[in-house]
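**Student:** Please find the sequence and the predicted model below.
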Amino acid sequence: MEFESVIGLEVHAQLNTETKIFCPCSTLFGSPPNTHVCPVCLGMPGVLPVLNRKVVEYTLRMALATDCTVQPISRFARKNYFYPDLPKGYQISQYELPIATDGHLVIGSNGSKKRIGITRIHMEEDAGKLIHHPDLPFSKVDLNRTGVPLMEIVSEPDIRSAEEAGAYLRRLRAIIRYLAIGDGNMEEGSFRCDANVSVMPGGASTFGTRTELKNLNSFKNVEKAIQYEIRRQIELIGEGGKVVQETRLWDPNRNVTTSMRSKEEAHDYRYFPDPDLLPLEIDKAWIERVKSELPELPEARRGRFISQYDLPEMDAQVLTSAKEIADYFEACLSVYPNPKPAGNWIMGTLLGLLNAEGKTIEESPIPPEELGNLLKMIDDGIISGKIAKSVFDEMARTGKPPKTIVEEKGLVQVSNTSALEPTVDEILAANPDEVASYRGGKKKLIGFFVGQVMKKTKGKANPKLVNELLQKKLEG
C-alpha cells in the first residue's frame, strides 16, 4: 500500500529583545546560571508581570511578513503543568485568542513552489533549563532562560516530506533574520522545532494518528527524524500494528526516535485567561506603522536580484538565503558591478572557505569591497583567474588587500607581446609533433600549448594574449 505523510511544524523562535517578556531581567545568553532572575520570572508570591512592548512589535513584524491577520484583541493565558524548570507551575502563553492567524509562506522544493499555511502566531515565555549530571542521579536547574520571550509559529499540516519541512524551516529562519527580530540559532536553542508526523493511505482524506517529535536541534536532524518516523509508522501499520499518539524524542547518535510520554491534549493544560494581564489591543495605526517599516524580505530580494542583476534563479536563491550573504553580495557590487562572476566567487570560493572553517559570512576574513577589488584586477588584466585564487587564499590568511599581495609577490600578469613571444616560440619548438598534429586538424591541441605557456610563466601570462600569439604562429 502506498502511504502519504502529513507533517505540521511548531516553531519556537526566541526574540532578540534585551529584556524578558514580563520583567526587566537580561536575556543575554551564556551567563552564569541563575544570574538573570528576579521575583517576577522566579514566580514569587505577589508579583505582577508587565508586558514588554518590544515583544509585541517584533511579533507583529513576523505576522505581517507571513501575511497573517493581526487580531485587534488578543489575550494571554496560563498553561498549567508541573516541571522543575517552570518555577510558577504554569507558563504564560496565548491560547484561544492569539495575536495573529491565517498566514502562509511559499517554499521552493524539488524545483516547484508550494504554499504552506500558518495557523497561528502567538507570544509566550520560555521555561528554564535542566542540566543533567552525566554520572549521578540528579539535575541542576538554570532559570536564566525563564521568561525569555518566544514567538510560536504553528503551521497547517500542509507539509508532505522531510525536504519540504527543511525548506519551510529555512525560509522561516531567513525571514526572522531579515526582520532582525531573532538570530535563528538552532544549536543555542533560540530557534526550536517540534514536528507532528502522521501517515495515511494514498488518496485518503482522513489523517492518521500523529506523533510529536522533540529534541530537533538542527535542520539536518529535523529532516532525518521526520524521514525515520515516516518509515517507522509505515512499517508498524504494515505489520498490523497501530500508531499511538505520543511524544517521541530524536536520538541523533542512533538516528532513531524513542517514546518519551503520551501526547497531551489542550485540556490537559487547563488553560485559562491570565488574571494579571489585560487583553492586548492593537489598533490599525500600529499595524500600518510596523508594515511601513518592514525591510525587503527574502522573496522580494530574490526577485529583485533576478530582474536587476540578471541572475539565474538558483544563484539568486543562494545569495538571498541569508540577509548577511545578500548584503555581502551587494557591497561587493558597489566596487565591482559585474553580478555573475561576483556571485560565482561568493557562492563557490568564499562560502566554500567559510564552510570549511566553520565560519559565517559575518566572520569572513575578506571584506566584500576587497573581494570586489580582486575581481576588478582580473577584468583589468592585472592578474589571471588562476593567480587570483592564490591571492584570495593569501587574503584569507593574512587579511591583506589584493593590491598589496600582488605587489609584494610580483604576481602582475604578463600582458606584453614582446615579453611573451620568446616563451611561446620555446614551447612550440619543444613540441614539434603536437605542432604537426595541430596543423593537421587537431585544433583542440591549442589548450595543450596554452597550458604549457602558463606553466612556464607560473600562471602570470595573460591567457587571452597567449591564445592569440599561439594561433598566429601555428596558423601563420
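**Tutor:** Sure thing, it's come through.
**Student:** Show me which strand runs longest in the protein.
**Tutor:** Determined from DSSP state E, the single longest strand within the chain is strand 112-125.
**Student:** Keeping just the C-alphas, turn the next helix or strand along the chain from that strand into CSV.
**Tutor:** Remark: after strand 112-125, the chain's next helix or strand is strand 129-132, criterion DSSP states H and E. Presented in CSV, the C-alpha positions along strand 129-132 are these (Å, rounded to 0.1, in the frame of the first residue of the first chain):
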residue,chain,number,x,y,z
LYS,A,129,16.9,24.7,31.5
LEU,A,130,17.7,21.4,33.3
ILE,A,131,21.3,20.4,33.4
HIS,A,132,21.6,16.6,33.9
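**Student:** Give me the sheet partners of strand 129-132 and which way each runs.
**Tutor:** strand 139-142 (antiparallel) (DSSP bridges).
**Student:** Quick check: buried residues in stretch 12-30?
**Tutor:** 12-17, 19-23, 25, 27, 29 (16 or more other Cβ atoms under 10 Å). All C-beta spots, glycine's among them, are computed from the backbone N, C-alpha and C.
**Student:** hang on, the earlier thing: and the longest strand of the chain, which strands flank it?
**Tutor:** Applying DSSP bridges, strand 112-125 is found paired with strand 100-109 (antiparallel), strand 149-155 (antiparallel).
**Student:** Lowest mean pLDDT across those, which one is that?
**Tutor:** Among these, strand 100-109 carries the lowest mean pLDDT, a mean of 92.
**Student:** For that one, C-alpha coordinates in PDB please.
**Tutor:** Taking C-alpha atoms only, strand 100-109 is exported to PDB below (Å, rounded to 0.1, in the frame of the first residue of the first chain):
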ATOM      1  CA  ALA A 100      -2.100  36.500  14.600                       C
ATOM      2  CA  THR A 101      -3.800  33.900  12.500                       C
ATOM      3  CA  ASP A 102      -4.300  32.600   8.900                       C
ATOM      4  CA  GLY A 103      -0.900  33.300   7.300                       C
ATOM      5  CA  HIS A 104       1.300  31.500   4.900                       C
ATOM      6  CA  LEU A 105       4.600  31.400   3.200                       C
ATOM      7  CA  VAL A 106       5.800  29.900  -0.100                       C
ATOM      8  CA  ILE A 107       8.600  27.500  -0.200                       C
ATOM      9  CA  GLY A 108      10.600  26.000  -3.100                       C
ATOM     10  CA  SER A 109      11.000  22.200  -3.000                       C
END
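**Student:** Contacts for it next, please.
**Tutor:** Residues outside strand 100-109 that contact it (Cβ atoms under 8 Å, 6 or more residues apart in numbering): 59-60, 62-63, 66-71, 113-122, 161, 163-164, 167-168, 171-172, 175, 299, 317.
**Student:** and those, which are buried?
**Tutor:** 59-60, 62-63, 66, 68, 70-71, 114, 116, 118-122, 161, 164, 167-168, 171-172, 175, 299.
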